[in-house]
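>>> The following comprises the amino acid sequence and a computationally predicted model.
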Amino acid sequence: HSWRVEQLGNQAGLLEGSALPGEGQTVIAAHNHLSSTESGPFSLLNHLEANERLFIRKPDGNMLQYRVWQNLLVDADAFDEVGSYVNEKSLVLITCENETIDGGYQDRRIIIADPV
């Protein structure tokens, strides 16, 4: 397993094998910062709290609504730990956190939300 997201740049992307929002378990990854002076799409992910709402607009215009269930900081490679929290309809948002001196990351910020 790997959560390598170098190619995302300033965009968010679906994890390979993930379902589209509203069609099953959706895992979306994005950077929390692009450089030392530029924020990434998930720069404020660590501020989300339980019961806050997330909205995703589908291409057909329909709006999906999710409620944050968990905001977790996990080890950078804790795939099994994250899997124990999600269900088949969860929206999972992932970003890196706590950069190391060699350019890697110690942790991942994981937001788990369920449909409302």
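That came in fine, so what should we check first? Numbers count the residues shown, from 1 in each chain.

>>> residues in contact with the closest residue to Ala12 other than its chain neighbours?
Of all residues not flanking Ala12 in the chain, Ala30 sits nearest, at 3.7 Å (CB to CB, 6 or more residues apart in numbering). Every residue, glycine included, has its C-beta placed from N, CA and C. Ala30 makes contacts with 5, 8, 11-13, 40-42, 93-95, as judged by CB atoms under 8 Å, 6 or more residues apart in numbering.

>>> among those residues, who's most crowded?
Greatest neighbour count in the contacts of Ala30, by other CB atoms under 10 Å, goes to Thr95: 26 neighbours.

>>> Mind checking what secondary structure the residue most central in space within the chain has?
Within the chain, one residue has its C-alpha closest to the average C-alpha position: by CA atoms, centre = their mean, that is Leu93, at 1.5 Å. When classified by DSSP: H, G, I helix; E, B strand; the rest coil, Leu93 comes out as strand.

>>> and the residue lying closest to Glu99 once chain neighbours are set aside, how many neighbours does it have?
Closest residue to Glu99 apart from its sequence neighbours, by CB to CB, 6+ apart: Tyr105 at 5.7 Å. By other CB under 10 Å, the residues close to Tyr105 number 16.

>>> State the distance from the residue nearest to the centre of the chain to Thr100.
For Leu93, the distance to Thr100 equals 22 Å [CB to CB, to the nearest Å].

>>> One more: Glu23?
Glu23 is 36 Å from Thr100, by CB to CB.

>>> low pLDDT regions in the chain?
For the chain, the stretches flagged by pLDDT under 70 are 1-7, 79-80.

>>> now do 80
1-11, 35-36, 77-85, 103-104 (pLDDT under 80).

>>> And for Lys89, the neighbour number?
So Lys89, with other CB under 10 Å, has 16 neighbours.
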